[in-house]
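> what's the 3D shape of this:
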Amino acid sequence: MAKISKRMIDRLQLRKTQYIIWDDHILGFGVVVRPTGNNSFIYNFRNIHGRERRVTIGRVGQITTDQARRKAEDCRAEIRNGADPMALKNEARKAATVDDLFEKYLESHAFERKAASTKQVDRGRIRNHLSPLLGRSIVETIDLDMLERVFASISDGKTAVRKPSGKKRGTSIVTGGAGTSRASIRLLRTILKWGVRSRMVPPEIAELASYVEIGRDGRRDTILEDPQAYSRLWQTMEDLVEAGRLRKPVAGAIKVIALTGARRGEILNLTWSMVDLEAGILILPVDAHKTGRRTGETRVIGLPQLAKEIIEEQPRRGPDDAVFQPARGAVRMDLGKPWRLIRKEAGLPEGIGLHGLRHSLASRMAMEGAEAAEIMTALGHRDISTSQGYVHWAKNQRQGLAERAAASITAAVQSRS
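Residues are numbered from 1 along each chain as shown. Alright, predicted model coming up:
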């Protein structure tokens, strides 16, 4: 026997067979040391009928030694009051889990009101990140330590995985990282708040999520600053289409995203009923763009002449058919894999994604003197502060350009002294 402490836990020696170390201070409190290294804190006791029982307090690494000691003390107090911790634990298993909460949320009107693209992303964050880390926990047992571990685990890539996508020879790549962890915690906050309104989550539990320090998203700085990059992008797509390595509708969709700054989902879900080529605009109903369900307003996207020509090239179908048709047998067009090919062949910055084309357009607008309200209208931002960020960035960039342009003059002037 010895006092079970963090230092002792860190020095546990694995053996070929399982063994238990008992605490010399709290009778019945111990740690099971397994050959696999999956060690657990336990509490042994005798119930009112004299039967020996064992409660697993938690997995080493998932709860701290101090937390395990406190739970063991709680078990001892329950026994003194005539309760059976094992019976209480079995009863707790009947309580709502976080997975139960997720399931109810995904069936809710609040979730149904979201845009289709947002719902798809939210389902992925729940399925790939939140549920594996938190799903089995009882809602009322959530604490700040638990939520902070979830954030850290996603940030560290512990939920990243490659798995079959369900398509022939397809692979689904799930990544973690700081951005994903921030987005996942924000989604969890939304779900917990919904749970309070639905009487599934105590208000104090939902409030805990607001205390998780997730930092702030930085603006994506990887953009196409050089007009020659656009020239390479266009030429590469045309070459790939001609070589049969890229479908023409895929190239068309990417070109329209680059020319209009539209979101990927807005173009992939674009139907002919939303196109007015005579007026040179796209009219997206409230359920077809990201902010529509919040604002209740349609989004109008202006079409430059080149974008109009690209859309006119697409085979005209029924009003509810997609403008940019997916491959035969596919429900939705995939742009991720083709974009990676295009980016590599065109020699574009490795860090630029399709959303970077949207940032590129906004940045160019700002550099050419567009005001925040103009950028907000063109890109469909809900909050003008988002657009204002591009204006501030452009002012900083212009100062830097001016400084570089004047560098030789400055050097000549300073050499006089």
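> quick one: least confident helix or strand in the chain?
helix 384-405 (a mean of 45; mean pLDDT, DSSP states H and E).
> check contacts around Phe96.
Quick fix: residue 96 is Ala, not Phe. 138-139, 200 (CB atoms under 8 Å, 6 or more residues apart in numbering). All C-beta spots, glycine's among them, are computed from the backbone N, C-alpha and C.
> Quick one, which of the residues you listed are buried?
139, 200 (16 or more other CB atoms under 10 Å).
> Output the contacts of Ala96 as a markdown table; include the columns pLDDT, distance to Leu233 and secondary structure.
Formatted as a markdown table, these follow (pLDDT from 0 to 100; distance: CB to CB, whole Å; DSSP: H, G, I helix; E, B strand; the rest coil):
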| residue | pLDDT | distance to Leu233 | secondary structure |
| --- | --- | --- | --- |
| Ile138 | 87 | 51 | strand |
| Val139 | 87 | 48 | helix |
| Met200 | 86 | 48 | coil |
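> The spatially most central residue of the chain and Ala115, how far apart?
For the chain, the residue nearest the mean C-alpha position is Thr180 (3.5 Å; CA atoms, centre = their mean). Look at Thr180 and Ala115: by CB to CB, to the nearest Å, they are 19 Å apart.
> Please apply the same query to Thr298.
From Thr298 to Ala115 the distance is 13 Å (CB to CB).
> More neighbours: those two, which one.
Ala115 (22 against 14; other CB atoms under 10 Å).
> how about the strands of the stretch 251-400 of the chain, start to end?
275-276, 281-284, 299-302 (DSSP state E, counting those that start in this stretch).
> list the buried ones in the last one?
Under the neighbour-count criterion of 16+ other CB under 10 Å, strand 299-302 has 299, 301 buried.
> Strands along the stretch 101-250 of the chain, start to end?
Remark: strands assigned in the stretch 101-250 of the chain by DSSP E, counting those that start in this stretch are 161-164, 171-174.
> weakest of those by average pLDDT?
In terms of average pLDDT, strand 171-174 trails the rest of the strands of the stretch 101-250 of the chain, at a mean of 53.
> so where's the stretch 101-250 of the chain shaky on pLDDT?
The stretch 101-250 of the chain contains residues with pLDDT under 70 at 161-176, 215-225.
> Now do the helices in it.
Ranges of helices in the stretch 101-250 of the chain, per DSSP state H, counting those that start in this stretch, are 109-112, 116-125, 131-134, 144-155, 178-197, 203-208, 227-242, 248-260.
> Tell me which of these lies nearest to Glu103.
helix 131-134 (9.7 Å; CB to CB).
> chain center to the closest one: distance?
14 Å (CA atoms, centre = their mean, to the nearest Å).
> In terms of secondary structure, what does that helix contact?
Here helix 131-134 touches helix 98-106, helix 144-155, going by 3 or more CB pairs under 8 Å, 6 or more residues apart in numbering; DSSP states H and E.
> Which among those is found nearest to Asn269?
Across the helices and strands packed on helix 131-134, closest to Asn269 is helix 98-106 (CB to CB), at 20.1 Å.
> List the buried residues of the closest one.
By 16+ other CB under 10 Å, the buried positions in helix 98-106 come out as 98-99, 101-102, 104-105.
> ok, those residues vs Val323, which is closest?
Checking those against Val323 with CB to CB, the nearest one is Tyr105 at 32.5 Å.
> need the contact list for that closest one.
For Tyr105, the contact set (CB under 8 Å, 6+ apart) comprises 111, 191, 194-195.
> redo that, cut-off 7 Å
By CB atoms under 7 Å, 6 or more residues apart in numbering, the residues touching Tyr105 are 111, 191, 194.
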